[in-house]
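Peer 1: Structure of the sequence below:
(one chain, ligands or ions: 1)
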Amino acid sequence: MQIDEVYITNANFRKIIYNSNTNDLDLQGEVYERSRLYIFNKIEKNDLLLTKEFFENSEKFFNDIYIPIKNLSDTYEWVYEYENQKPSYHNNKNCKKLNSYFENFKIPNGIKDQGKEKIHQYRKWFMDNKYLLDVDPEIFKKRLYERFNIIMHNIKSLLIKNSGEKFQKNYKVEDLEKIIDDIIRKSWRYFFDNERNKKILKKYCTKTYLVNTKNQIKENNTGYSEEEIREVLQKYAQEFKDPLKEWLKEYYRVKFNPDIKVQGRLLENIGFRPCSECFSFEERRDDIVKSISF
Ligand SMILES: [Zn+2]
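Peer 2: Below is the predicted model of the structure:
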């Protein structure tokens, strides 16, 4: 079968990036052309530039840059994960499996405890009954009990909206530039707000990871205590740096490759397979034969 351009979900794209070995990378370039940003360290910059490259030039990304850490595999935690432990790519932009990526559902512990086979059954069952979560959760609960003998009190706890949620809106490039510029402006305002912020951020703005360490902060000649440093950095990370990273990634997608289209053969090389929903049996035959012969 000739595979041309196919689609993948935002979640699977994130997994590709997440599973990339970025330790040895030293990517060059600006993370944001509209203004130079000095607030990211090498790891953060690699992560952003890697994402940018994926959207801007996926061929180059896969051929020259991408080093997978390990095979992408099923964690059996989620309803929308991999079929047969392999992520799918899609032929049809409107495929329902492709468009389920803004939300995901935890597999209830009662199912997980019963093993992989039950998990597969549950995933299948869930697809047929998911609509009840909105229409009539009580019937969902009842059917869940009848089919799997599980009582779920709080159905809502199953739903996890992933971090892509805030991006559901169809932003234009200009909208995103406005949002990003605004965060940058506010981060500068925070920087210049007082002497303490200025001194601490000048020295440690690329080291916001210090917030999560218990070790002594090295070479602290700011005149401020570690507690104060952590406090300033925490606010800086939470309100500016972390949102900036998320918005920049979304910006790259919208700007370069809004539908997350990639050459199918590049994805096959890293273990993706054709989606059973939007590829016909004929089209998947090679893949099916391959999986049987193993
Ligand atoms: Zn599909």
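Peer 1: and the protein, which residues reach the ion?
Peer 2: Contact residues, the chain versus the ion (CB under 5 Å from the ion): 90, 95, 97, 275, 277, 278. In this view, the C-beta of every residue, glycine as well, is placed from N, C-alpha and C.
Peer 1: so who does the third one touch?
Peer 2: Contacts here follow CB atoms under 8 Å, 6 or more residues apart in numbering; on that basis residue 97 touches 80, 88, 90, 275, 277, 278.
Peer 1: Which ones among those lie within helices?
Peer 2: Using DSSP state H, no member of these falls in helices.
Peer 1: which one of the residues you listed sits closest to residue 131?
Peer 2: For the contacts of residue 97, the minimum distance to residue 131 (CB to CB) is 15.3 Å, reached by residue 80.
Peer 1: so can I have JSON lines of the residues of the chain next to the ion showing pLDDT?
Peer 2: Shown next, in JSON lines, are the residues of the chain next to the ion (pLDDT from 0 to 100):
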{"residue": "90", "pLDDT": "91"}
{"residue": "95", "pLDDT": "85"}
{"residue": "97", "pLDDT": "77"}
{"residue": "275", "pLDDT": "88"}
{"residue": "277", "pLDDT": "84"}
{"residue": "278", "pLDDT": "86"}
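Peer 1: got those residues as TSV, with distance to residue 235 columns?
Peer 2: Compiled in TSV, these are given as follows (distance: CB to CB, whole Å):
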residue	distance to residue 235
90	41
95	42
97	40
275	43
277	44
278	45
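Peer 1: circling back: buried subset of the contacts of residue 97 as a PyMOL selection?
Peer 2: To isolate the buried ones among these in PyMOL, judged by 16 or more other CB atoms under 10 Å, type:
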select buried, resi 80+88+90+275+278
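Peer 1: taking the contacts of residue 97 one by one, which sit in strands?
Peer 2: Counting by DSSP state E, the part of these found in strands is residue 88.
Peer 1: how far out from the middle of the chain is stretch 44-51?
Peer 2: 13 Å (CA atoms, centre = their mean, to the nearest Å).
Peer 1: before we move on, what about stretch 174-182?
Peer 2: Relative to the centre of its chain, stretch 174-182 is centred 21 Å away, using CA atoms, centre = their mean.
Peer 1: contacts for it?
Peer 2: 32, 34, 35, 171, 244, 247, 248, 250, 251, 254, 255.
Peer 1: what pLDDT does the residue nearest to the fifth one when sequence neighbours are not counted get?
Peer 2: With CB to CB, 6 or more residues apart in numbering as the criterion, residue 244 has its nearest non-adjacent residue at 5.2 Å, and that residue is residue 183. In this model, residue 183 is scored at 97, pLDDT.
Peer 1: Just give me the neighbour total for the closest residue to residue 192 other than its chain neighbours.
Peer 2: With CB to CB, 6+ apart as the criterion, residue 192 has its nearest non-adjacent residue at 6.4 Å, and that residue is residue 198. Per other CB atoms under 10 Å, the neighbour tally for residue 198 reads 15.
Peer 1: Can you tell me how far residue 198 is from the ion?
Peer 2: Going from residue 198 to the ion by CB to the ion, to the nearest Å gives 51 Å.
Peer 1: again, but for residue 185
Peer 2: Distance from residue 185 to the ion, by CB to the ion: 41 Å.
Peer 1: Based on its surroundings, how many neighbours for that residue?
Peer 2: Neighbours of residue 185 under the rule other CB under 10 Å: 12.
Peer 1: Does it lie in a helix or a strand, and which?
Peer 2: For residue 185, the host element (DSSP states H and E) is helix 173-192.
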